[in-house]
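Asks: got a sequence here, can you model it:
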Amino acid sequence: MSREEDVQAFDEFDERPSDAPRRFTPAEMVACDACLRANAPTRMSCLYCGAQLPVTEQSAALRRPALKKMEEWEQGFNVVMLPRADSGLMPEAIEEAASLLRLGAARLSEIVGSGRALPVARASTLEEAELVVSRLGPLGLVAEVFTDEELARSPARARALDFEEGALVCRQSPDAAPRRVPWSEVALLVKGRMVSRRIEVAERKTRFGGRNEMVETRELAADETALDIYAASDDVCFRIMSGGFDYSCLGERKGLLAAENFNALVSTLRARSRSAVFDEEYDGLRALLADVWPPAEQTGSLGLRRERAGRVNIEAVTTVSNETQFTRYARLRRRFVLRARAESS
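Replies: Predicted coordinates for the structure are as follows:
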């Protein structure tokens with residue numbers, strides 16, 4: 001393809017969200033160092049081979065992040081918008097920022113108005129994430145970048161607790177050594193609902209090679225309350241689920257219902273760890289988190305199941321869970337809580 005044909009092709013593929021795509025001259029195009037093909041100056045990576053494009057004096061001001069949808073297993077870089085001192089922001093700035101972030105203007109206004117540090121983009125490279133931060137700055141929005149490696153690590157599951165005079169003792173299993181955390185070191189308690197769905201579908205192949213016939217659908221749902229406990233030092237963190245937990249530590253306060261016991265446990269932890277921040281806003285912020293951190297969805301095969309002689313069904317299962325979303329939110333809160341403690345000390 002000639003350079004002129006490349007220019008014409010990129011008029012169609014320009015990612016600028018505009019009613020009338022801008023046309024670029026041959027001099028404005030950026031040549032890929034790997035495959036030597038011409039690319040629109042708005043791109044950060046080559047359309048043909050995926051290599052990173054060099055930054056020219058002209059393209060530096062035109063580059064735009066692609067912010068393509070990433071798979072859950074991919075390691076990304078999260079752009080988190082920091083709270084503003086005031087919620088007043090010009091509508092033009094909101095529109096431009098929303099276009100850059102691939103978000104609706106109304107949704108971005110909700111995020112700005114929430115007064116919380118919330119994610120606004122998840123990029124595949126650090127360079128792309130830093131470009132988002134640099135583009136938001138002139139619009140009056142301050143943001144930081146946090147890696148998935150830091151935010152997506154699940155806490156250890158605590159099955160039982162012991163309350164000592166000076167420390168909280170977390171027990172993961174009968175065989176694992178208990179972990180002691182001084183009450184003064186408990187920095188953050190994050191409470192939220194963990195919701196999951198499991199959908200099983202059984203299909204049967206038709207005789208004439210058409211679409212499979214759906215035979216049966218089964219759906220199971222689970223809804224549990226979770227509490228994450230974060231310490232100020234090291235990376236000590238534990239997760240308590242309302243089900244499957246030994247509430248013996250409550251002593252005489254232990255009741256018959258798990259929901260009542262869980263609330264009593266949270267109340268006891270808050271009373272003993274007086275310096276800890278308690279966050280129970282996750283449930284109300286789930287809608288604002290979902291655009292960047294949607295619930296994780298996985299689909300897998302359950303294999304073949306013989307219904308009767310000559311009848312074999314193909315079974316698959318899809319699971320949807322907000323566990324990773326809750327983990328990212330809790331770990332993000334931990335970062336800001338520890339930062340505030342360090343600044344105040």
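Asks: can you get me a residue count around the residue nearest to Pro294 when sequence neighbours are not counted?
Replies: Using CB to CB, 6 or more residues apart in numbering and skipping residues adjacent in sequence, the residue nearest Pro294 is Gln325, 7.4 Å away. Where you see a C-beta, it was placed from the backbone N, CA and C, and this is true even at glycine. Using other CB atoms under 10 Å, Gln325 has 23 other residues around it.
Asks: pretty sure Gln325 belongs to a helix, no?
Replies: Yes: in this structure, Gln325 lies within a helix as judged by DSSP: H, G, I helix; E, B strand; the rest coil.
Asks: where in the stretch 51-200 of the chain is pLDDT low?
Replies: Within the stretch 51-200 of the chain, the segments meeting pLDDT under 70 span 86-88.
Asks: and if you look at the stretch 201-345 of the chain?
Replies: 207-210, 306-310.
Asks: just the strands in it please.
Replies: For the stretch 201-345 of the chain, the strands defined by DSSP state E, counting those that start in this stretch cover 213-231, 237-241, 277-279, 296-308, 311-321.
Asks: so which of these is the most surrounded?
Replies: strand 237-241 (a mean of 21; mean count of other CB atoms under 10 Å).
Asks: sorry, back to before: just so I know, which of the strands of the stretch 201-345 of the chain lies nearest Ala176?
Replies: strand 237-241 (11.6 Å; CB to CB).
Asks: list the pairing partners of that closest one within its sheet, with orientation.
Replies: strand 156-157 (parallel), strand 213-231 (antiparallel) (DSSP bridges).
Asks: got a list of what the closest residue to Glu128 other than its chain neighbours touches?
Replies: Distances taken as CB to CB, 6+ apart place Pro65 nearest to Glu128, at 4.7 Å, with adjacent residues excluded. By CB atoms under 8 Å, 6 or more residues apart in numbering, the contact list for Pro65 reads 44, 100, 121, 123, 128-129, 131-132, 135.
Asks: which residues does stretch 115-129 contact?
Replies: In contact with stretch 115-129 (CB under 8 Å, 6+ apart) are residues 44, 52, 65-68, 70, 74, 76-84, 87, 101-103, 108, 111, 132, 136, 143, 145, 281, 285, 288-289, 292-293, 328, 332, 336.
Asks: repeat that for stretch 239-255.
Replies: Residues outside stretch 239-255 that contact it (CB under 8 Å, 6+ apart): 154-163, 194, 224-229, 258-259, 261-262, 264-265, 268.
Asks: buried set for it?
Replies: By 16 or more other CB atoms under 10 Å, the buried positions in stretch 239-255 come out as 239-242, 245, 247, 249-250.
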